[in-house]
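> got a structure for you, letters missing:
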């Protein structure tokens with residue numbers, strides 16, 4: 001009833017952290033999601049840097065048109081790993 005696996009993973013990580021750690025988890029997850037998204041787009045074989053914005057718009061338009069969810073499990077796992085491995089980093 002809580003949602004997809006992404007929400008359950010984020011909840012499990014947040015429960016194991018103190019309040020400040022949860023805030024750091026959210027920030028680290030957002031940064032990891034941005035880095036992973038840009039890396040995915042740049043490493044795609046059909047993408048040149050000039051066409052990057054057009055490709056982002058096309059991908060998001062297709063995903064939104066099909067009402068597909070935004071998969072975020074990898075970013076949550078990366079953010080959680082960062083917060084757990086480096087507890088006093090930021």
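Perfect, thanks for sending it. Keep in mind it's a predicted model, so treat the numbers as computed, not measured. Numbers count the residues shown, from 1 in each chain.
> and residue 87, how many neighbours?
Residues near residue 87, counting by other CB atoms under 10 Å, number 11. Quick note: C-beta positions are derived from backbone N, CA and C, even for glycine.
> so where is the protein shaky, pLDDT-wise?
Residue ranges of the chain with pLDDT under 70: 1-3, 41-53, 56, 69-70, 89-90.
> Pick out the residue closest to the middle of it.
residue 33 (2.8 Å; CA atoms, centre = their mean).
> Spell out the secondary structure type for the nearest residue in space to that one that is not next to it in sequence.
In space, residue 33 comes closest to residue 75 once its chain neighbours are excluded; the distance is 3.5 Å by CB to CB, 6 or more residues apart in numbering. Here residue 75 is recorded as helix under DSSP: H, G, I helix; E, B strand; the rest coil.
> Please report how far residue 75 lies from residue 65.
Taking CB to CB, to the nearest Å as the measure, residue 75 falls 23 Å from residue 65.
> For the helix or strand where residue 28 lies, buried residues please.
Using DSSP states H and E, residue 28 sits within helix 19-43. By neighbour count on 16 or more other CB atoms under 10 Å, the buried set for helix 19-43 is 21-22, 24-26, 28-29, 32-33, 37, 41.
> do the same with stretch 66-77
Those buried within stretch 66-77 under the rule 16+ other CB under 10 Å are 72, 75-77.
> Quick check: end-to-end length of that stretch?
With CA to CA, to the nearest Å as the measure, the ends of stretch 66-77 fall 26 Å from one another.
> now that stretch, how far from the chain's geometric center?
7 Å (CA atoms, centre = their mean, to the nearest Å).
> Could I get the buried residues of stretch 66-77 in CSV, plus columns for distance to residue 86?
Formatted as CSV, the buried residues of stretch 66-77 follow (distance: CB to CB, whole Å):
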residue, distance to residue 86
72, 21
75, 16
76, 16
77, 15
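> Remind me which helix or strand residue 8 belongs to.
Assigned by DSSP H and E, residue 8 falls in helix 5-15.
> Show residues contacting that helix.
2, 22, 25, 29, 71-73, 76-77, 80, 83-84 (CB atoms under 8 Å, 6 or more residues apart in numbering).
> Give the burial count for residue 59, as a bare number.
What residue 59 shows, counting by other CB under 10 Å, is a neighbour count of 14.
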